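Undergrad: I need the structure of the sequence given here:
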Amino acid sequence: MRDKYTKILVPLDGSEQSKEALKEAVAVAKRNMTSLVLLHVKDEARISGTPYALALNLEDLENEAKEIVAEAQELVGDEVAVDIHRTTGSPKKEIVNLANELGIELIVMGSSGKGLLDRMLVGSTTTYVISHAPCNVMVVR
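TA: Next up, the predicted model:
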């Protein structure tokens, strides 16, 4: 473990474990006198169906993304500064990509997400991130 982390990434999906990971990351950031990078990925695997359904799904995903980010900002408050990133794609790949791109030193994330697939394949995103991340990963239960 490093003596000090200066670049900490927290993936957000709106799940209770994601919220707990955010709380833990705030504590780590405060101890290290640094800010957080928050990431929300609109999961492209959830977009399916007819063009009409696709439009509804995109709108629903965008509204959900706004709610998740707003709630995260509320949870953090003025405890630490945050830099928010939003994207669309495969959450596990986008987490690793952003960690590489920004030179992240620590990823703090929940052990599983909120989607049905994540519950069926316990922690599939977390497992992927642990295996592919260029840095340490703290898993919060």
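Undergrad: for the longest helix along the chain, give the mean pLDDT please.
TA: Ranked by residue count and defined by DSSP state H, the top helix of the chain is helix 51-76. Helix 51-76 comes out with an average pLDDT of 82.
Undergrad: quickly list what residue 37 is bridged to.
TA: Beta-bridge pairing for residue 37 (DSSP bridges): residue 9, residue 83.
Undergrad: ok, it - contacts?
TA: Shown in contact with residue 37 (Cβ atoms under 8 Å, 6 or more residues apart in numbering): 7, 8, 9, 10, 82, 83, 85, 98, 102, 104. Placement of C-beta: from N, CA and C, glycine included.
Undergrad: where does pLDDT dip in the protein?
TA: The chain contains residues with pLDDT under 70 at 1, 46-56, 113-123.
Undergrad: enumerate every residue touching residue 21.
TA: 10, 11, 108, 109, 110, 138, 140.
Undergrad: can you do 7 Å?
TA: 10, 108, 109, 110, 140 (Cβ atoms under 7 Å, 6 or more residues apart in numbering).
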